[in-house]
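Participant: model the structure of this input:
(one chain, ligands or ions: 1)
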Amino acid sequence: MEQYISVPRIGVYPGSFDPVTMGHMDIILRASKQFDHLIVAVLNNLSKNALFTVEERKDLLRKMTADIPNVEVDSFRDLLANYMRDKNAHVIVRGVRTITDFEYELQMASTNHKLNPDVETIFMMTNPKYSYLSSSLVKEVAHFHGDLSDWVSPEVGQALHQKVKENGGKK
Ligand code: ADP
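Facilitator: Here you go, the predicted structure:
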C-alpha cells in the first residue's frame, strides 16, 4: 500500500510587484487560505525596468502582509523552477485577468513544468473588481498625480507619489 506522509503545502506566488496593488493583495489573501505556507517571491530581474528596488518592493509587501501569519516575502534571481526546488515547494500560484494573461501564463506554466516536473502551476481568477488593474496602470496614474486610493494601500500610494517626485517627472 502506498504511504502518505503529510508534508506542509508550500505555495509560491512570484511576480514583479512593482509595486504591490489591491489585485495582488486579493490573490495573496485567497492563496494564503489554500496553503500551509505561502511565499510571495519578488522577481529580481535586472533587465526589467522597475520603478522600485527589490528591497523597496519587499518592504511594501511585508507591511501589507504583516497580518497574514503564513505569508513570507522573499526574492529570487535564479530560474523559478530552481527556486522552487530550493524552497521544497511544488505549487506556483498565478493570477489571471484576461485572455492575454492566459496565453502568456500557459507558456510559462509549461516551461516551468518541463524544467521541474514536480511543479504545478495553479491559476486564480482575478476578482472582477480588479480585473483591469496592473502595476503599470497605477504607475501611469501616479505619474500624472491621479487618485490611487481604490487600487493601492495609502502606504503604497505615498511611496508612488514620492518616487514620482524624486524622479522629477521622468518615468
Ligand atoms: P503586473 O505588473 O501585471 O501587475 P506582476 O508580475 O506583478 O504583474 O504580477 C504577478 C502575478 O499577479 C501575475 O500572475 C499577474 O497575472 C497577477 N496579477 C497582477 N495584477 C492582478 C490583478 N489585478 N488580479 C489578479 N491577478 C493579478
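Participant: near the ligand, which residues of this protein? Just list them.
Facilitator: 15-17, 21, 23-24, 27, 94-95, 97, 101, 126, 130, 133-136 (C-beta under 6 Å from any ligand atom). From N, CA and C alone the C-beta is placed, and that goes for glycine too.
Participant: so where's the chain shaky on pLDDT?
Facilitator: Residues of the chain meeting the criterion pLDDT under 70: 1-5, 47-48, 169-171.
Participant: all strands for the protein, in order.
Facilitator: 10-15, 37-43, 71-76, 91-96, 120-125 (DSSP state E).
Participant: can you give the strand pairings for the last one, parallel or anti for each?
Facilitator: Here strand 120-125 has these sheet partners by DSSP bridges: strand 91-96 (parallel).
Participant: the first one now?
Facilitator: Using DSSP bridges, the strands paired with strand 10-15 are strand 37-43 (parallel), strand 91-96 (parallel).
Participant: for Arg77, grab phi and psi.
Facilitator: Dihedral pair for Arg77: phi -130, psi -10, per degrees, to the nearest 10.
Participant: how near is the nearest residue to it once chain neighbours are set aside to Asp18?
Facilitator: Leaving out its chain neighbours, the residue that sits closest to Arg77 by C-beta to C-beta, 6 or more residues apart in numbering is Asn44, at 4.1 Å. According to C-beta to C-beta, to the nearest Å, Asn44 and Asp18 sit 11 Å apart.
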